[in-house]
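Asks: compute the structure for the input listed below.
(one chain, ligands or ions: 1)
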Amino acid sequence: MRIYKFDEIDSTNKFLREKEDVIEGDLAIAKVQTLGRGRRGNKWVSTEGAALFSFVLKHDIEIPEEEYMKLSILIGYSLLYSLKKIENLDYKFKWTNDLYLDEKKISGILVEKIRDNYIIGIGLNINNLNLEEAKSIAISLREKTGKTYDLEKVIATVVEDFYNNFQEFKKGKWKEILEKINKVNYLYGKRINIVTFDKEESGIAGDILEDGMLEVFIGDEIKKYN
Ligand code: BTN
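Replies: Model (predicted):
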């Protein structure tokens, strides 16, 4: 494992993505990101105090396309597991891989597949105090508990837990993992809108299913979405 630490960088995901010689376990950590990236091309506000990091999972393990959703869910689940060890609070897992606390987002995960690697990027609101505009939608651990945390220790815990949980996943423990995830399923019972390329539907979210898809009750129909 090699660790790259930056006081400031555009994006830790971008750093590992563009690095030619990455190996499994390579970890990039930044205090601040100037171009933090979120999913669907969104910006990720990356101020000091948040845990901002990315690490490499080698793709030679061969994760079939249909398992990809599971990987994404596993990362969120593992992060929740790590957070619980740090502060045992009532976190929720928002399918497919966000974590919520008190109805607000505490972390975001961006997984990118590049060559033979997955770059797993995590933004975790730990010591940062959220700016006014983000206050209604985001929360940090410090805002919740009033404490400050050792960011490097938090990151080490998260990364180590992930590799351990990934081993369990590879050993075929997906069903047990899924059972635990469904106990903290943020969307369960909530009304959600599903926008596909040709229509928008509204339904009530149910469980996360074995293939990683979300069950949604629309009228008297049960559908599943990825
Ligand atoms: C999301 O919820 O949209 C995902 C946000 C992921 C943000 C993290 S911060 C560290 C890593 N580097 C990035 O540029 N993005 C991820």
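Asks: give me the average confidence score over the top strand by length along the chain.
Replies: Scanning the chain for the longest strand, with DSSP state E as the assignment, gives strand 104-114. Average pLDDT, strand 104-114: 93.
Asks: just checking, what packs against it?
Replies: helix 12-18, helix 68-86, strand 98-101, strand 117-124 (3 or more CB pairs under 8 Å, 6 or more residues apart in numbering; DSSP states H and E). All C-beta atoms are positioned from the backbone trio N, CA, C, and that covers glycine.
Asks: of these, flag the one that's most buried.
Replies: strand 117-124 (a mean of 25; mean count of other CB atoms under 10 Å).
Asks: so for the protein, the centremost residue is which one?
Replies: The structure's the chain has its C-alpha centroid closest to residue 109; by CA atoms, centre = their mean the separation is 3.2 Å.
Asks: what count of nearby residues applies to the residue nearest to that residue when sequence neighbours are not counted?
Replies: Nearest non-adjacent residue to residue 109, counting by CB to CB, 6 or more residues apart in numbering: residue 97, 4.4 Å away. The burial count assigned to residue 97 is 24, neighbours taken as other CB atoms under 10 Å.
Asks: can you tell me if the host helix or strand of residue 157 touches the ligand.
Replies: Assigned by DSSP states H and E, residue 157 belongs to helix 151-170. No: using CB under 6 Å from any ligand atom, helix 151-170 stays clear of the ligand, coming no nearer than 10.5 Å.
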